[in-house]
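S.K.: Whatever this is, show me its structure:
(chains A, B, C and D)
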There are 4 protein chains.
Amino acid sequence: MNSYGKLFRITSFGESHGPAIGVVIDGCPAGLKIDEAYIQSELDRRKPGQSKITTQRKESDTFKILSGVFEGKTTGTPIAIVIENEDQRSKDYSHIAKSFRPSHADFTYEQKYGTRDYRGGGRSSARETAARVAAGAIAKLFLKKYNVNINAFVSQVGDIKAPHYSDMDLSKTEENIVRCPDSTTASKMIALIDEVRKDQDTIGGLVTCVVQGTPVGLGEPVFDKLHAELGKAMLSINAVKGFEYGSGFEGVSLRGSQHNDEFVNEGGKIRTKTNHSGGVQGGISNGEDIYFNVAFKPVATIMKDQQSVNKEGEATTVKGKGRHDPCVVPRAVPIVESMAALVIADFVLRNEVSKLR
Amino acid sequence: MNSYGKLFRITSFGESHGPAIGVVIDGCPAGLKIDEAYIQSELDRRKPGQSKITTQRKESDTFKILSGVFEGKTTGTPIAIVIENEDQRSKDYSHIAKSFRPSHADFTYEQKYGTRDYRGGGRSSARETAARVAAGAIAKLFLKKYNVNINAFVSQVGDIKAPHYSDMDLSKTEENIVRCPDSTTASKMIALIDEVRKDQDTIGGLVTCVVQGTPVGLGEPVFDKLHAELGKAMLSINAVKGFEYGSGFEGVSLRGSQHNDEFVNEGGKIRTKTNHSGGVQGGISNGEDIYFNVAFKPVATIMKDQQSVNKEGEATTVKGKGRHDPCVVPRAVPIVESMAALVIADFVLRNEVSKLR
Amino acid sequence: MNSYGKLFRITSFGESHGPAIGVVIDGCPAGLKIDEAYIQSELDRRKPGQSKITTQRKESDTFKILSGVFEGKTTGTPIAIVIENEDQRSKDYSHIAKSFRPSHADFTYEQKYGTRDYRGGGRSSARETAARVAAGAIAKLFLKKYNVNINAFVSQVGDIKAPHYSDMDLSKTEENIVRCPDSTTASKMIALIDEVRKDQDTIGGLVTCVVQGTPVGLGEPVFDKLHAELGKAMLSINAVKGFEYGSGFEGVSLRGSQHNDEFVNEGGKIRTKTNHSGGVQGGISNGEDIYFNVAFKPVATIMKDQQSVNKEGEATTVKGKGRHDPCVVPRAVPIVESMAALVIADFVLRNEVSKLR
Amino acid sequence: MNSYGKLFRITSFGESHGPAIGVVIDGCPAGLKIDEAYIQSELDRRKPGQSKITTQRKESDTFKILSGVFEGKTTGTPIAIVIENEDQRSKDYSHIAKSFRPSHADFTYEQKYGTRDYRGGGRSSARETAARVAAGAIAKLFLKKYNVNINAFVSQVGDIKAPHYSDMDLSKTEENIVRCPDSTTASKMIALIDEVRKDQDTIGGLVTCVVQGTPVGLGEPVFDKLHAELGKAMLSINAVKGFEYGSGFEGVSLRGSQHNDEFVNEGGKIRTKTNHSGGVQGGISNGEDIYFNVAFKPVATIMKDQQSVNKEGEATTVKGKGRHDPCVVPRAVPIVESMAALVIADFVLRNEVSKLR
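M.R.: Purely as a prediction, here's the structure:
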């Protein structure tokens, strides 16, 4: 279904070229002050056309709150947000209406539903993530009450990698268009994306996210472990192929004696000396930094012609056209943060009932 | 909570050293023949004491079906399965009752619940996964009706890696105790685990899983993408740190023109020439092999002494004792398969209502 | 939360005097033809100002589909419907902003949320039911594929009662403004409502609903019995105080030998001779008519002054003003049908996976 | 499915004549002291063979806790409770294996699942309610922390009615075997049940439940109204045909001016002068007594022979035999209380997150 979260719960709707996309946020506690300018600024971080290394398609992504907010505060009732699709000009979609674009969802939607809205990918378009960012902005406003801070950034484009997050100043992420806090790496990334774009091709990348200030105790043992839910949330973002937290895939090569995080008493607060656990132990936050990596494949839409088949199973050529992102990660940064915020907010609420008061 | 799945749904219960662990399977369609010997054989693949490279603790893991099966077939009502804990001998737990073992869930449980069942890790013990394997065995029986085949194997221990799955005969996985289909690699893995065990240490590893024969159309767009749910399921297994499917983290470095899977008509069936997509496009299965990697950290319980703190925040030493696995991946293979089966079975049912009949 | 249904699932949003109300329908199978004129006609049956015995407030209740429908058919993605609130003129709400209207939700909302949108009752306004009717219309279109027919009517106003449903022609329900298929009874009901209205008072009533053509097998044993879910759905409608199905409260006085419905073979079809069961046995539909009664209390808003207290707990007088229904049941008929349709549609989908195919 | 509740959630399993029935309680907060003697005393109120007016079948209904309780307190992990079926003697079920008993679930189960466990009704047997009572006892222990008191009693058998609850001393309910607090009425009820039993027949009845001490604010607007969920919970109990709360069906005949509950300030506490609302306004508790009626039909199993059909659709006679209750309401009293406790406990937890702290 199209809902996510148990207590802080969102329901997303809308297609790329329908009248509008939107989201209903159900379960946001009453009394939260809603800063509309902040929500718009988050949407602006995701919107197309924001720089030379993103798609040049234009959408203002102006949102409207239809319910759930009264006199500037949440009332405890569902918050419905709608974003109209402006770029709905009548296009010629014949090149994709009957053909299956390689590595897109055209074929699978057609098979699953017996039909599909082919205009711009319909529901499978990454345009849907605008709804997540709007909802995520409200989750972030909620988490500010708990002093939780969420910062994502681009840590890799192609083979160009940024330093470890602890060696960078995360406040500098927004200082360049690729959203990498290290300016030297950022320049190289931008150059690579530009080169790829000129090649009419696309390239993959990595987004790293760091959550700081999380209270101890978030996450539910067994199936709804904090990192399992973060993993699902990230893997649900378009083009994501992998998720790792803490020591991640590199941890495989380590020995227990190297990997274990010893507990220490730091001025009355129990902390760990190292943080291979990535802030989560037994599926529950331990108060240390939660950090994880999200792998994005290269965007499937390329400007080159590709071989494929049509509905009838006949060989056909899919023409490269349109305005698309040569690399998705710069615009993915606010999406990763939003999904993280939605997961953490949900677990904050869920944790309210873990023990008798 | 302790439930997983939407239509094919399991609820797990039980602590490591309580009277029993178990699972309730709700939503398994009526009329499925239950092969109890098969369920036991699956539990045997996971049980402790099965070889020299696993923990030497003994549990027969004999299960009992309490409900939901009549005259050898499922009735459509909940199937409750109980596995008694045999190894409940009264032990001295004082070394962990008040101390927090590094990289275990002791500290986080204590903080979250204000209390914890410290005997053998209680609910956070990997013993809970026996419940998953029992349920997974039933999911596998169900999937046989759809000709879905699930095969996991150990693809890495420490730095020792197996060949790509397409270059091995997956039917050989059970031929050695480390569960790697390539016998040469298997020998090296076993030697490494043995060495690590003698060092009183532990080591991480990778499990790869291949799902073949999946019908086209499984998975729900947006949040409940097939791979997102597989990711959550895997990340919910104890000691898992990462998940990737298809091209995974390596896909980050590729270009779209390399990564895209072109469609071809193979004797009337639409297939893809390559399979970087890992059998999933737009969150929905396309009929190709679904394959993914699951990263396991080194087991946290080591035989060496470690520094830590106790409940009062005082420095203490956690003594290494007990009988534990030097490497978790050989026993994790059936767990990974079980969670995959539960996810696929759930999506098979969910897909029954995707379009008008 | 504000969602209802498991597979055919709706999420409702909106306040009486906010910008709009609406609903997201998630899980409607792909391929269903959407008849927009029919949806509007259903909304028109519920809308205010439709006759002299309803409130004279005017709302056109024009709806707009934002997503999920393409080329006239559902695509399997969420269907978002929005109805703008036209009657938002800036009113003086001071009489209720700080006072608690007797038998309204003012006091309980204020206590639960620490705040409330007091304009026209906000979320607690029966205006929310327009969202249900829009969604219910789509559920009805879906159920037409299964030949399920749902007919509700007014069976009692005050002490004036209609004959048993089997003694009336249910196709005549829409022939009078009170929606009672028996014209003689209808005239008396209309006269009573008119009298009550002139008294500046309100009166309660009963809606009876008959569902015909339901396939055998709908409903889930134990908690989600068909009649239990119907009961919840009806009790969730504003002003409802009771629900009974089949023999209902009168069945209490009967003996088993009178009440039991004997099975007979009617031309190859197994049926029951009588239908005290109301079409549901063991929580599952048996193919006979499902019929139930829904009791509505008199509308709480009356034109007379009433004693109450304000937020500060001081005695105050709540002035009778505004435009309200003297009796809610005529407009409740389509709401009852809609909620029934949503429940039945959900169970139709849920039943698709009850047994192996 | 077989689960109920959102945060305080139970999953029930088991058939009448299988090895055991049981329940898993998930979401009970950690730190609750579990009084096992109390749980048993609640089960004893429900068990068969307790008096001359109930079935003479014998079951001790001894329960065993398998998990979730450590050192006498809940740990926050799932509490699994199992009750073995003792009365499993090999019986001759041929009279029902192939025939459909009138007003039982035989026919509908057979149609829905293509099979059924016919021994003693299998899953459709009221034996399943023992699982609810065990879980309900834990919910009651939890609610004691909030000073919530739940008292149900038999208010009607056939046409014999007890006085209004406010005119009786509810602490006297357990003083007689029919569980009516008024001893004169109780004697008449007992005599009637005895007469009906001698007639080899059965009779219906009413259970009234009063919940006192509920905090203000429980219940969720729109679909999950407090009374809607109570209604579903009650209607999910075997043999229930109707539910009403507060003024209920009688409220239909009243006028708004009679029905409205005026607010008054009673020593600093806002209360209502009357309580036609039954303690719930807008779906949310207002702190007044919550009271409701639950209508039970006469038990379907009678000792007289009845006409029916078999699986092949041939006419057959269902012989009256076995040991069954002539009237279900005396044993239903603890079931009604248990379901009420489970609903209230769930809403207590859900209300913890309604507003910012």
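S.K.: Report the buried residues of the lowest-mean-pLDDT helix or strand in chain A.
M.R.: When the helices and strands of chain A are scored by mean pLDDT, DSSP states H and E, helix A:94-97 comes last with a mean of 78. Judged by neighbour count using 16 or more other C-beta atoms under 10 Å in any protein chain shown, the buried positions of helix A:94-97 are A:95-96. (Glycine included, C-beta is placed from N, CA and C.)
S.K.: Contacts for that helix, please.
M.R.: Outside of helix A:94-97, the residues that reach it under the criterion C-beta atoms under 8 Å, 6 or more residues apart in numbering or on different chains are A:106, A:118, A:318-319, A:321.
S.K.: what residues are up against residue A:211?
M.R.: Contacts of residue A:211 (C-beta under 8 Å, 6+ apart): A:148-150, A:279, A:289-291, A:340, A:344.
S.K.: What's the first helix or strand after the least confident helix or strand of chain A?
M.R.: Counting by DSSP states H and E, the element after helix A:94-97 in chain order, helix or strand, is helix A:106-113.
S.K.: Tell me the helices and strands packed up against that next one.
M.R.: Under the contact definition 3 or more C-beta pairs under 8 Å, 6 or more residues apart in numbering or on different chains; DSSP states H and E, helix A:106-113 sits against strand B:284-285.
S.K.: partners of the helix or strand just after the strand it packs on, with directions?
M.R.: Remark: after strand B:284-285, the chain's next helix or strand is strand B:290-296, criterion DSSP H and E. Strand partners for strand B:290-296, identified by DSSP bridges, are recorded as strand B:205-212 (antiparallel), strand B:240-245 (antiparallel).
S.K.: which outside residues touch the shortest one?
M.R.: When contacts are taken as C-beta under 8 Å, 6+ apart, the neighbours of strand B:240-245 outside the stretch itself are A:231, A:235, A:241-249, A:251-252, A:278, A:295, B:204, B:227, B:230-231, B:234-235, B:278-280, B:290-297.
S.K.: Turn the contacts of residue A:211 into CSV, including distance to residue B:273.
M.R.: Supplementary listing: the contacts of residue A:211 in CSV, determined by distance: C-beta to C-beta, whole Å:
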residue, distance to residue B:273
A:148, 45
A:149, 45
A:150, 40
A:279, 42
A:289, 42
A:290, 39
A:291, 37
A:340, 36
A:344, 41
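S.K.: how near is the residue of the stretch 151-300 of chain A found nearest chain B to residue B:100?
M.R.: Using C-beta to the nearest C-beta, the single residue of the stretch 151-300 of chain A nearest to chain B is residue A:282, 2.3 Å away. Remark: distance between residue A:282 and residue B:100 (C-beta to C-beta, to the nearest Å) = 11 Å.
S.K.: Ok, residue A:296 next?
M.R.: The spacing between residue A:296 and residue B:100, counted by C-beta to C-beta, is 37 Å.
S.K.: Equivalent analysis for residue A:31, please.
M.R.: Remark: distance between residue A:31 and residue B:100 (C-beta to C-beta) = 36 Å.
S.K.: For those two, indicate the residue with more neighbours.
M.R.: More crowded of residue A:31 and residue B:100, by other C-beta atoms under 10 Å in any protein chain shown: residue B:100, with 27 against 17.
S.K.: Let me know the pLDDT of that one.
M.R.: Per-residue confidence at residue B:100 stands at 95 (pLDDT).
S.K.: List the contacts of it.
M.R.: Contact analysis of residue B:100 by C-beta under 8 Å, 6+ apart lists A:263, A:270, B:106-107, B:110, B:308-311, B:318.
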